[in-house]
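Novice: Quick check, what structure comes out for this input:
(one chain, ligands or ions: 4)
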Amino acid sequence: MASTGAFPTPLVMRLLAASVSVSYKAGNIIRDILKTGELGIIEKGRNDLQTEADRAAQRCIVATLHKHFPKVAIFGEESLDPAIRIPEDYIVKDFDPEVLSHPCPTGYKDVTDDQVVVWVDPLDGTAEFTQGLLDHVTVLIGVAVNGEAKGGVIYQPYYNYQEGPDATLGQCIWGLVGLGAFGFQPQNPPVGKNLITTTRSHSDWMVTEAVNSCEPTDIIRVGGAGHKVVLLLEGKVHAYVFASKGCKKWDTCAPEAVLHAIGGHLTDLLGKPILYYANVQRTNSGGVLATLHNHQWYVDKIPAEIKENFISDVPSDGMIDKKKQLVEQIVCFHCGGDAGSSVDPPEFNQVDYSDASADVSELSKK
Ligand SMILES: Nc1ncnc2c1ncn2[C@@H]1O[C@H](COP(=O)(O)O)[C@@H](O)[C@H]1OP(=O)(O)O
Ligand SMILES: [Mg+2]
Ligand SMILES: [Mg+2]
Ligand SMILES: [Mg+2]
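Specialist: Ligands and ions are numbered 1, 2, ... in the order given. Model (predicted):
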């Protein structure tokens, strides 16, 4: 693995490099499962599906990152059966050399395991995946540092699929606040229009009302939080407005980091930051608002009657509960179970790594 001369490569850069590499593998797993035609759909709740592709991709990503970074807290969307063995080839040993070729921004050089939380959405846009709207699907791996979304990987497994059966599929976008974003062509949205994207599968009157209050010239209803932020990155829309509590931390962490890395913003509908500490509530109870430019204009356009239905992660006095910052306070399977508390959040997914015997112990050393 590359390192900066006599100094070891900082944790954040290694995490991003491993995340980029494993996102390619997760994309392969998703494509392979779709080809079998056996999606193994489970209904988790109302309008909330899980497929074998979601499950397998999460196993691959979480097992790989845990193997390399055993002391980092990792949260995946799916609750998985711990009895299911993880195939050895799901553990990706590579660290993307392109990521490692970049210098680590000064602010991350001393970041330690306990300051980092990784949020994994193994397959964002599941509803659309089951309906064959494949370009709406992304794999999202977000790296939060001290509760803020800082690094992100957005992998599009079906990028290029319109080009026919011989096309090479997939695009990996990644970014780090303070360094930039890579793997795509940044574009500004068209002048003289106000294109707004929102959900196509989780809509209600408030979602629609919030979009309408932002004076759209066109409304683009597509699936996936990752996909909608990609539309922002590529200049295809001006804003992503979602007046709903349906998105969770794993939906927004990676997209927020990548968008922020090129100067955009992703906040709740009140314009307040979304927090990503280990113990924060999983739901984005403040809704989602993302833009590349003019963020406050959109915040101001959302009517007070809509805003009052949403609750920011940041309390009105601005004081963040310090306990939320402490990764050590959770029982942490990924920390070897030595974290010393009684609460195991339900979303903290335990997986069996016992078959994942690839020797990557050298790589996890600092
Ligand atoms: N009501 C909801 N229930 C479950 N997941 C939701 C809900 N609303 C949004 N999401 C998640 O946020 C993503 C973006 O929302 P939308 O596609 O509706 O714009 C969805 O793809 C889904 O992620 P996932 O597909 O990973 O379960
Ligand atoms: Mg889901
Ligand atoms: Mg999602
Ligand atoms: Mg998902």
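Novice: C-alpha from now on. contacts and neighbour counts both.
Specialist: Will do.
Novice: ok, residue 222 - how many residues close by?
Specialist: Neighbour count of residue 222, defined by other CA atoms under 10 Å: 19.
Novice: Look at it and report its pLDDT.
Specialist: We have a pLDDT of 98 for residue 222.
Novice: Surely it and residue 228 touch.
Specialist: Yes. Contact criterion CA atoms under 8 Å: residue 222 and residue 228 qualify, at 7.1 Å.
Novice: who touches both of these two?
Specialist: Shared contacts of residue 222 and residue 228, defined by CA atoms under 8 Å, 6 or more residues apart in numbering, comprise 197, 198.
Novice: Quickly find the element holding whichever residue of the stretch 251-366 of the chain sits closest to ligand 3.
Specialist: Here the stretch 251-366 of the chain gets closest to ligand 3 at one residue, residue 251, 4.4 Å apart by CA to the ion. Assigned by DSSP states H and E, residue 251 belongs to helix 249-261.
Novice: now do residue 206
Specialist: Going by DSSP H and E, residue 206 is part of helix 205-213.
Novice: chain center to that helix, what's the gap?
Specialist: Relative to its chain's centre, helix 205-213 lies at 25 Å (CA atoms, centre = their mean, to the nearest Å).
Novice: Can you list the low-confidence ranges for this protein?
Specialist: 1-6, 321-366 (pLDDT under 70).
Novice: Longest helix in it, by number of residues?
Specialist: Identified as the longest helix of the chain according to DSSP state H is helix 11-36.
Novice: going on from that one, what's the next piece of helix or strand?
Specialist: Downstream of helix 11-36, the first helix or strand assigned by DSSP H and E is strand 42-45.
Novice: ok, the closest residue to ligand 4 within the stretch 201-350 of the chain - contacts?
Specialist: Nearest residue of the stretch 201-350 of the chain to ligand 4 (CA to the ion) works out as residue 251 at 7.3 Å. By CA under 8 Å, 6+ apart, the contact list for residue 251 reads 121, 124, 140, 225, 226.
Novice: Run through the residues of the stretch 1-150 of the chain sitting next to ligand 3.
Specialist: Within reach of ligand 3 by CA under 5 Å from the ion, the stretch 1-150 of the chain has these residues: residue 124.
Novice: all strands for the stretch 1-150 of the chain, in order.
Specialist: Using DSSP state E, counting those that start in this stretch, the strands found in the stretch 1-150 of the chain span residues 42-45, 48-50, 73-76, 116-124, 138-145, 148-156.
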